[in-house]
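Chemist: Model the structure of this input:
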Amino acid sequence: LAFCRGRVVRVPKGPLIRVTGTEVVIPCSVSDYDGPSEQNFDWEFSRETDFVRIVSTWDSTFTSEEYQKRVGLGDIKLRRSSNDAVELVIRNIQPTDQGRYKCSTPSTDATVQGNYDAEVQVKVISDGLSVSGSKARSSTSLRLSEGDSFKLRCSAVTTSPEHTHLHVTWQIKSGSTWRDILSLTHEGKFQPGPGYEERYRNGDIRLDTGANDTYRLSVSQASSVDAGAYRCLVSEWVRGADSLWQKIQEKSVEIANVAIQRTDVIISTSNMSVTERDSLDLICNITTDRSGIFQAEVTWYFSTSPDDTLSDAQVLLSMDHDSVVSDSTLISLSHVDRNSYRLLVRDVDVEDSGYYFCQAAVWVPLHNGSWQKVVERTSAPVSVVVTALEPDYEVFLNASKTPKFSDDPTELNCRITNAQDTEANIRFTVSWYYRQHLRSDDVVTEELLATMDADWSLLLGDRSRERTQNGEIIFSKKAADTFSLRIQWTSESDRGDYFCVISAWSRHRNNSWVKSKDVTSASVGIFWATQDYTLTVEAVKLKPFFVAGHTFEMTCKVSSKNIKTPRYSVLITAEKPLADQSNPNGTTRIISLNQDSVVRLEDWTDQTRVDGVVLEKVQENEFRYRMYQTQISDAGLYRCVVTAWSPGGGGMWREAVNGLSNPIQIAFQTSGPVFNVSVHSDNPTVYQGELADLLCIVTTEGMMLEPDDMSFDVSWFAVRSFALDREPILLASLDRRGIVTQSRRNGSSDLSLERISPLEFRLRVHGCEDHDFGNHYCVVTPWVRSATGVWQQEPDIKAKPIFLSVKMDVLNAFKYPLLIGIGLATVIGLLSCLIGYCSSRWCCKKEVQETRRERRRLMSMEMD
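Modeler: Numbering: from 1, shown residues only. Take a look at the predicted model:
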């Protein structure tokens, strides 16, 4: 393959058949060459044997004297299509140009390989193609109406000595360009032009052949796009040596100019306005220049939008081409004259407002007696506005009941006055609105309270929905011309401006109701002067001096102003000293009594004195608080927190104002003992599994007491960190009755708590684990029996924490694993030695005879 590769020059296969007087184009190309990409070409011609030089791409002196004139005039020229291809163009070829044409390429290859020229035979035949139009005249003018049919003829014949085929195409001129309509190809196939495929399949465009080599174009259902100049374009084709068809010449002739008169449908009336209950009169005109027999089919449509299509529009009435009108009661369609049709709508309603348009189709008779629709048009929509007959009336709003105080009722009446033109087809409804009353010039939008539909269904607004459902607001119709709004219990949020809107509704022919008019009343303001609520609370201590164990008693007297029939709820609070850890916030809620005189214990947690506090109502504005068997821990400031309530809507109570009394102090002066607590351990560092002992020691100072007159509650806590930055964990507790309580534990260690002396308490941790480390401390609550025999609780005392460290015994932890490991290693080593000895002694023993080796000295390097 490498040796066969070389330059290849190609020209078309001959002979090339061309017609006298036409332009001939002979291509020539070269491939598989070396050297520059752009190649040069030489063309030569021979009638018999010798070749005559015609033209060259690189040598201007190449042309022979015989062809210099034609080359200079441009009748013969070379046209380069690419770097490796050119075309020889000969204009107006003559019979003398018949012969052999040779294309040569100068060599640019390193070695001579392949062919450097190629020849093609050109045969010139005489022009035997003739194309003509109608016999009467060369070009005809036709004036037709839209929907008509017409036929055009042309004749094409050839007397060529070669076996040629004709290609006939009918064209129409649109603007300055010609468009194909329908063709009969040289292969005998019909081919519609772009945009004519559908009409060709429907049979509206046909091409027929007739006698005397005629070709007839038939067009049915002509439209405005068919107007223009028509011509017949005929080309002659011949099959070449490569079995491909080649066009050798082309001729055309203009046949006719066709003008199409458009049929228009126009509604004579422009946009109009009609009063309700009047008649609507519209006329549809069909504009056409038809003089023959035809009938029109008219359909009237109605739509609410001008952009709706026929499928979306409503059909009002129609008349077919036989003048048969569809039935309707209030709408009629009549034939005024040959081209005019009237639509009459009687007793129009507001619903008839919209867009009206008519659609007209023209029908013509056929030879067989049937009718054919030739054109169909739709008019532009006409806007019709039906003005409603509005009733004339006025609206008056007044307040029959106005509140003087909060929670008083309010009633507003909205009345229709001076009503005129209110017939039976008119119905009135009301809408209520509220607007907040502001003294400034700020604009406030109104809020809808309720509105009424045409069927008198009530629709509630967001502002009044809940209160209306609860019965606090009532909407009613007292009479045919009076609507009422009643607020059962008016609150401060109801103060503002109110107004009503009366809507008139008209009933249409289909018994539907449409709103025709709204009239708004003047606003009515609901407002009353208010004063701020005042509440004064005074606490009085009934017994100026008492000691621990006695009863504490105080009263709270309440006075109020500007509150209508108030009731009071009372809460007793205590502010303990900062040293009291029971309530870090400082204030404790003890007992409360609500406005219905229901007593409730709040944060009173002393289970031994559940009945130790009492709160009762002495008078309507006086309350008494008692605390029996007071303890030293009850010391602090006591207050009365009073809330005034006023009656609200629906029997509910509404909070008005809060008040706080002056404080009453409970202070105990005692010279009893002072207790101190400390934590001690002989060995705060222990190993895992050992016992840890922690002692909580109580010491006293001052007055000495008998052991039977004092008792202690002891609780042990632990903080699992080096620093006291975590929450303490309760370990165990021992109350003054000797009952021990332990918290739940997760580890295997155990706890025990016991009293070893009247002032010493011991906590033991059995089998210590690593999670038992941390800071440990005890909290002691002393109890002292007074001279009257009453036990008094003293403040809690917290000891300073001691850190318990738990270590791991490394020797004991690794003793048994080391012994087991050494023992196993010794046994395995001895067993390995035994197995090796036995194997070498009995299993792997062989007789090996060693060959005797001669002992020779090595030669030195110099002797080698």
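
Chemist: State the mean pLDDT of stretch 693-703.
Modeler: Taken as a whole, stretch 693-703 has a mean pLDDT of 86.

Chemist: buried residues in it?
Modeler: Within stretch 693-703, the residues that qualify as buried are 694-698, counting by 16 or more other C-beta atoms under 10 Å. C-beta coordinates here come from the backbone N, C-alpha and C atoms, glycine included.

Chemist: where does the residue lying closest to Lys561 once chain neighbours are set aside land on pLDDT?
Modeler: Nearest residue to Lys561, sequence neighbours excluded (C-beta to C-beta, 6 or more residues apart in numbering): Thr534, at 4.4 Å. Confidence at Thr534, expressed as pLDDT, is 86.

Chemist: Distance check, Thr534 against Ser559.
Modeler: To Ser559, Thr534 is 9 Å away according to C-beta to C-beta, to the nearest Å.

Chemist: now do Cys838
Modeler: From Cys838 to Ser559 the distance is 116 Å (C-beta to C-beta).

Chemist: Domain ranges for the chain, per the record?
Modeler: 8-125, 129-261, 265-387, 394-526, 534-666, 673-807 (the TED database).

Chemist: Straight-line length of the second one, end to end?
Modeler: Domain 129-261 has its terminal residues 37 Å apart, counting by C-alpha to C-alpha, to the nearest Å.

Chemist: average pLDDT across that domain?
Modeler: Per-residue pLDDT over domain 129-261 has a mean of 88.

Chemist: Return the residues in contact with Ala118.
Modeler: Going by C-beta atoms under 8 Å, 6 or more residues apart in numbering, Ala118 touches 9-11, 28, 102-103.

Chemist: one more time with 6 Å, if that's ok
Modeler: 9, 11, 103 (C-beta atoms under 6 Å, 6 or more residues apart in numbering).

Chemist: okay, now the second one: neighbour count?
Modeler: This means Val11. Neighbour count for Val11, taken as other C-beta atoms under 10 Å: 19.

Chemist: From Arg100, how far out is it?
Modeler: 10 Å.

Chemist: Kindly confirm my reading that Leu763 is in a strand.
Modeler: Yes - Leu763 sits within a strand when classified using DSSP: H, G, I helix; E, B strand; the rest coil.

Chemist: Hmm, it is touching Leu753, no?
Modeler: Yes - the pair Leu763 and Leu753 qualifies as a contact (C-beta atoms under 6 Å) at a distance of 5.3 Å.

Chemist: and the longest strand seen in the chain, which strands flank it?
Modeler: Scanning the chain for the longest strand, with DSSP state E as the assignment, gives strand 245-261. For strand 245-261, the pairing partners within the sheet under DSSP bridges are strand 140-145 (parallel), strand 228-239 (antiparallel).

Chemist: Could you pull out the buried residues of that strand?
Modeler: Result for strand 245-261 [16+ other C-beta under 10 Å]: buried residues 246, 248-250, 253-256, 258, 260-261.

Chemist: Do I have it right that Ser328 meets Leu317?
Modeler: Yes - proximity of Ser328 to Leu317 meets the contact threshold set by C-beta under 6 Å, at 5.4 Å.

Chemist: What count of nearby residues applies to Leu142?
Modeler: For Leu142, using other C-beta under 10 Å, the count is 17.

Chemist: show me the contacts for it.
Modeler: By C-beta under 6 Å, 6+ apart, the residues touching Leu142 are 150, 256, 258.

Chemist: Return the member of those nearest to Ser132.
Modeler: Distance to Ser132 across the contacts of Leu142 (C-beta to C-beta) is lowest for Ala256, with 13.4 Å.

Chemist: pretty sure that closest one is touching Tyr230, no?
Modeler: Yes - under the criterion of C-beta under 6 Å, Ala256 makes contact with Tyr230 at 5.2 Å.

Chemist: could you pull out the helices for the stretch 51-200 of the chain?
Modeler: If DSSP state H, counting those that start in this stretch is used as the criterion, the helices of the stretch 51-200 of the chain fall at 68-73, 197-202.

Chemist: List the buried residues for the first one?
Modeler: By 16+ other C-beta under 10 Å, the buried positions in helix 68-73 come out as 70-71.

Chemist: What of stretch 93-113?
Modeler: Buried, per 16+ other C-beta under 10 Å, within stretch 93-113: 93, 97-98, 100-105, 113.

Chemist: which residues touch that stretch?
Modeler: In contact with stretch 93-113 (C-beta under 6 Å, 6+ apart) are residues 6, 9, 11, 18, 24, 28, 30, 34-35, 39-47, 51, 116-124.

Chemist: Then stretch 653-673?
Modeler: Contacts of stretch 653-673 (C-beta under 6 Å, 6+ apart): 533, 535, 537, 539, 541, 548, 552, 554, 556, 563, 595, 632, 634-635, 637-646, 648, 700, 702-703, 705, 784.

Chemist: What remains of the residues you listed if I keep only buried residues?
Modeler: Among the contacts of stretch 653-673, the ones that count as buried by 16+ other C-beta under 10 Å are 533, 535, 537, 539, 548, 552, 554, 556, 563, 595, 632, 634-635, 637-646, 648, 784.

Chemist: Which stretches in the stretch 651-800 of the chain count as strands?
Modeler: For the stretch 651-800 of the chain, strands defined by DSSP state E, counting those that start in this stretch occupy the ranges 653-660, 664-666, 674-680, 685-687, 692-701, 710-719, 729-734, 740-742, 750-757, 760-766, 774-785, 791-793, 797-798.

Chemist: ok, the first one: who's next to it in the sheet?
Modeler: Next to strand 653-660 in the sheet, as set by DSSP bridges, lie strand 636-647 (antiparallel).

Chemist: before we move on, what about the third one?
Modeler: Sheet partners assigned to strand 674-680 using DSSP bridges are listed as strand 692-701 (antiparallel).

Chemist: At the geometric centre of the chain, which residue sits there?
Modeler: Nearest to the mean C-alpha position of the chain, by C-alpha atoms, centre = their mean, lies Asp462 at 28.0 Å.

Chemist: about what we covered before: tell me the one among the buried residues of stretch 93-113 nearest to Asn425.
Modeler: Asn425 has its nearest neighbour among these in Ile93, at 93.4 Å by C-beta to C-beta.

Chemist: Where does the prediction get shaky in the stretch 751-864 of the chain?
Modeler: For the stretch 751-864 of the chain, the stretches with pLDDT under 70 are 809-813, 844-864.

Chemist: residues touching Val698, list them.
Modeler: Counting by C-beta under 6 Å, 6+ apart, the residues that Val698 touches are 675, 677, 759, 780.

Chemist: bridging residues for it?
Modeler: Bridge pairing for Val698 - DSSP bridges - gives Val677.

Chemist: now it: how far from Leu458?
Modeler: 78 Å.

Chemist: Please apply the same query to Ala313.
Modeler: 38 Å.
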